[in-house]
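Asks: Please work out how this folds:
(chains A and B)
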Amino acid sequence: MKLIAAMSGGVDSAVAAARAVEAGHEVIGVHLALSSNPQKYRSGARGCCTIEDSHDARRAADVIGIPFYIWDMAEEFHDGVVENFLSEYADGRTPNPCLRCNEKIKFAAVLDRARGLGFDGVSTGHYAQMQETPLGRVMHRAVDPGKDQSYVLAVLNTEQLAGAHFPLGDTVKDQVRIEAKRRGLYVANKPDSHDICFVPSGDNAGWLRDRLGSEVGSIVDEDGKKLGEHKGAYTYTIGQRRGLGITIPAAGGEPRYVLKIEPKTNTVVVGSHEALAVSKIVGDQPIWCGPEPKINIEHRGIAQVRAHGSPLACTYLQSGTEIKVELDEPLFGLAAGQGLVIYDGDRVVGSATVARTE
Amino acid sequence: MTIYLDHAATAPINEAAIDALNTQVRKLGNASSIHNPGRAVRKDVEDARHKLSELVGANPSEIIFTGSGTEANNLAIKGFFWQAPDRNVIVTSAFEHHAILDPLEWLVEHEAAEEIRIPITKAGVIDLDFLRNIVATRGSEIAVISVMHSNNELGSIQPIAEVVKITGNIPVHTDAVQSFGKVEFDFAKLGVTAATISAHKVGGPLGIAALILRRGLDLTPILHGGGQEREIRSGTLNAPSIVAFTAAAEYAIANQEFNFAKIRELRDYFISGLKSCVPDVTINSISDPALPGIVNATFSGTESDALLLLLDTEGISASAGSACSAGVPRPSHVLVALGLSESDADASLRISIGTTNTKAEIDQVLAVMPSVVERARNAFVVSGLN
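Replies: I've put the predicted structure just below:
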């Protein structure tokens, strides 16, 4: 096959590209420039948008012996991921930009361009496993539970899945580093990227305040009684306990948690831990990452709502436009906008965006 | 097999230069030392300087060797600016190389310089009326005027002799990196104050170039040290590269007429072939007066990086615009200055033909062009966000 290997400059995508070559594919390395001005992220960045990262990717491609190009995806990334991230927060929701990047950039803009140029697919260093079945290709969790990235890949539909290649899903991260060293890839010891790549400082709240303003609003209890003030409702997360700055103690002395964020009134609602309990989740914009489950019938499965969140046993039902999940045990703290991913054992069934909870 | 069509980026080193380099690199001695080996190397350097000065129509003392064309251009722009503290305007053209535009922008940002860029006409040459007007109204404020001798993306030769006539006593610098060794270039005849030439564009080694600066003039240096080159440029003289530069230039100029005719014939053959196999192509490059081997073409509805990737996979090396330091392709400022939209500028390729190319190679390129353009168009249509 002819593959585009997306190379971030990190160890995973470098080893993935080397494995794709070794598997006999015709591979071309591509680094995605996701910022229109990479220099501004020159120092202190922890993501994958720096000038050094693009040099690391080029060097890895040279060592592997494949052609290498830079693709400018800054505009697509800004419109599809960064703007979405901002507008979701402005609406009081908690988005996951890595999901959007996989959905809109890596396995959409990049895959489409690759196909247009005559390539068959895109290989990345993501940790997930593909399996070919009589019903088509399906995706499973990676062998390494600590690195499993099937959650952020559950936004791929079957057509995107058909063009996706994850050569690392069967290997644990430590082995990938050893292999990188053996292959002479000097990124072998490069630290893993963390946080959000376009928030180089790692200060998510500060980054949001710079762009959405820091208008003072009220912190209230469930009855609407004002307990304190905040500087921008969107800098809070559902379930957050620390940093609320409330001086009036609760009647029973128990800690308070963020229950709700109301962007229109710029209000943060706090309350008890029990009030965070969620048993029913409704997700919209479902995407089926393989065969679509039968409509309007209850299925047993496992739900996951965070990239490294616990698997939650559940019963779910899909209506075509929504997935309704009933958890066996309640979950504490879930925000609209988070990704809801359904598994069948280790197999990814599909995903949706959390719309509301009960 | 590679079909190399990027001679304007760098040209293959010629045998004369390789021989000169090989011989000189074995010789011990710093050209600034007073002992016998030092004097021997100094003689080689000065012989080379003398010969090179004859080839460019200058005096030997007018050749200031530098480490690159970029350095020579920086020296000219910053040197003339700092030399004239009562003049803060620098005039250049809108389609200069980044090695002129970037030092100029740096001076604007850090040294309160004012820049004026001469617009480009549809014929790919600077607007002389604009220049006349600027000189008439702002002449006493201008520290230097820098206009390239020929444009690296369009091939068009600029009316430098006219520029000199218009500007009178104002220093004129010309970046002749693309012209030297390919078309007639004579420093004295042109009457410019300074000019840049570079070895690797004429079959010499990388890392050696020269600023030709009229005798008796001083420039504020940008490198300070031993003062080797007229106290204007410091750094141990790179004797092997200097000797090889001259050898390459001698070879190029001895064959200049023959190569010019041969390359131009290949260029015209390529353009007419391209027009028949990709009928909606637009040719941006200028046919005459121009460098012999530059073809610049727009393939609307494509992106240049896709075209380059596909050509590269076919073994064909071409280029487009320029890339930022991270390697991100940018629409060519030259084509934008010529009046192209950003999307058309971004859909353009530069093919630069050189002495080693053959008709058979051009035929091979033409054979794959329709499919390359078609695939690049497919990729353009389907990619992007909906």
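Asks: for the record, mean pLDDT for stretch A:134-154?
Replies: When pLDDT is averaged along stretch A:134-154, the result is 95.
Asks: just the helices in the chain please.
Replies: This is for chain A. A:11-22, A:51-64, A:74-77, A:83-90, A:97-101, A:110-116, A:150-153, A:158-162, A:173-182, A:204-212 (DSSP state H).
Asks: right idea, wrong chain: chain B
Replies: B:15-25, B:36-56, B:69-83, B:98-111, B:128-138, B:160-167, B:187-190, B:239-254, B:256-277, B:304-313, B:333-338, B:342-345, B:359-382.
Asks: Sort out which residues of the longest one are buried, please.
Replies: For helix B:359-382, burial by neighbour count (16 or more other Cβ atoms under 10 Å in any protein chain shown) applies to B:361-362, B:364-366, B:368-369, B:372-380, B:382. Using the backbone N, CA and C atoms, a C-beta is placed for each residue, glycine as well.
Asks: and residue B:350, what does it touch?
Replies: Contacts for residue B:350 (Cβ atoms under 8 Å, 6 or more residues apart in numbering or on different chains) come out as B:6, B:8, B:153, B:285, B:294-296, B:318-320.
Asks: want to throw those into CSV with neighbour count, distance to residue A:23 and pLDDT?
Replies: Conversion of the contacts of residue B:350 to CSV gives the following (neighbours: other Cβ atoms under 10 Å in any protein chain shown; distance: Cβ to Cβ, whole Å; pLDDT from 0 to 100):
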residue, neighbour count, distance to residue A:23, pLDDT
B:6, 17, 33, 95
B:8, 24, 39, 95
B:153, 28, 41, 95
B:285, 24, 43, 96
B:294, 27, 42, 97
B:295, 23, 39, 97
B:296, 26, 40, 97
B:318, 21, 31, 95
B:319, 20, 32, 93
B:320, 24, 32, 90
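Asks: how about low-confidence regions in the chain?
Replies: Since you didn't name a chain, this refers to chain A. A:36-49, A:194 (pLDDT under 70).
Asks: Can you look at chain B instead?
Replies: Counting by pLDDT under 70, the low-confidence segments of chain B come to B:322-327, B:382-386.
Asks: Quick check, the residue in it closest to chain A?
Replies: Closest approach between chain B and chain A, counting by Cβ to the nearest Cβ: residue B:379, at 3.0 Å.
Asks: count of neighbours near the closest residue to that residue other than its chain neighbours?
Replies: Nearest non-adjacent residue to residue B:379, counting by Cβ to Cβ, 6 or more residues apart in numbering or on different chains: residue A:116, 3.0 Å away. Residue A:116: 19 surrounding residues under other Cβ atoms under 10 Å in any protein chain shown.
Asks: from what I can see residue A:116 touches residue B:380, true?
Replies: Yes - between residue A:116 and residue B:380 there is a contact at 7.1 Å, judged by Cβ atoms under 8 Å.
Asks: Show me the common contact partners of the two, please.
Replies: The contact sets of residue A:116 and residue B:380 overlap at residue B:306 (Cβ under 8 Å, 6+ apart).
Asks: how about TSV for the helices of chain B, with distance to residue A:125 added?
Replies: As requested, the helices of chain B are exported to TSV (distance: least, Cβ to Cβ, whole Å):
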stretch	distance to residue A:125
helix B:15-25	43
helix B:36-56	52
helix B:69-83	37
helix B:98-111	34
helix B:128-138	53
helix B:160-167	53
helix B:187-190	55
helix B:239-254	42
helix B:256-277	40
helix B:304-313	21
helix B:333-338	36
helix B:342-345	33
helix B:359-382	23
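Asks: ok so, going back, need the contacts of residue B:350 in CSV (columns: distance to residue B:137).
Replies: Putting the contacts of residue B:350 into CSV (distance: Cβ to Cβ, whole Å) gives the following:
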residue, distance to residue B:137
B:6, 41
B:8, 35
B:153, 30
B:285, 33
B:294, 34
B:295, 38
B:296, 33
B:318, 42
B:319, 38
B:320, 37
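Asks: Brilliant, that's me finished.
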